[in-house]
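[1] just the structure for this:
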Amino acid sequence: MSAPRNLLFSKDHEWLTTDTSPAVVGISKHAADALGDVVFVQLPQVGARVTAGEPCGELESTKSVSDLFAPANGEVVEVNAAVVDDPSLVNSDPYGDGWLIKVQLDTPAAETGGLMSEAEYNAFTGA
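    Just a heads-up that it's a prediction; the model follows:
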């Protein structure tokens, strides 16, 4: 599954959109596959401030529990209630219905340091 072209990726395997405001955040297909079947999602509350590289939620799978790291600084303006109700969306559609949060970024996504293009991310993960 190829990611949409409007995404940037973090080394922690989160993605965010570069062409929407607020930015949409989720985890990569690579991360979803590595986690296995996601069975529980804990997301930050609307209004919470998130900081790039810091944990802001958790994903629990049949294999392990993993932190969700914020890919950029900003304020959470929406959480995906559908994913909380049906965590399997993270596995079945990580770049679509499996998105996690929407964040009003402090700086535009393109100006956020430390994020990679899909090609750079694929090289990073060996995909």
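[2] may I have stretch 90-99 as CSV, with CA atoms only?
    As requested, C-alpha coordinates have been extracted for stretch 90-99 and formatted as CSV (Å, rounded to 0.1, in the frame of the first residue of the first chain):
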residue,chain,number,x,y,z
VAL,A,90,-5.7,1.3,12.0
ASN,A,91,-4.7,-2.0,10.3
SER,A,92,-7.2,-2.0,7.5
ASP,A,93,-6.9,1.6,6.4
PRO,A,94,-4.0,3.4,8.1
TYR,A,95,-3.9,6.3,5.6
GLY,A,96,-7.7,6.7,5.4
ASP,A,97,-10.4,5.8,7.9
GLY,A,98,-7.6,4.7,10.4
TRP,A,99,-6.4,8.3,11.0
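[3] let me know the average pLDDT across that stretch.
    Per-residue confidence for stretch 90-99 averages out to 96 on the pLDDT scale.
[4] stretch 111-127 too?
    Mean pLDDT, taken over the full extent of stretch 111-127, equals 88.
[5] hmm, who's touching it?
    2-3, 5, 7-11, 13, 16, 28, 30, 52-53, 71-73, 105, 109 (CB atoms under 8 Å, 6 or more residues apart in numbering). Using the backbone N, CA and C atoms, a C-beta is placed for each residue, glycine as well.
[6] for it, buried residues please.
    Using 16 or more other CB atoms under 10 Å as the burial criterion, the residues of stretch 111-127 that qualify are T112, L115, M116, E118, Y121, N122, T125.
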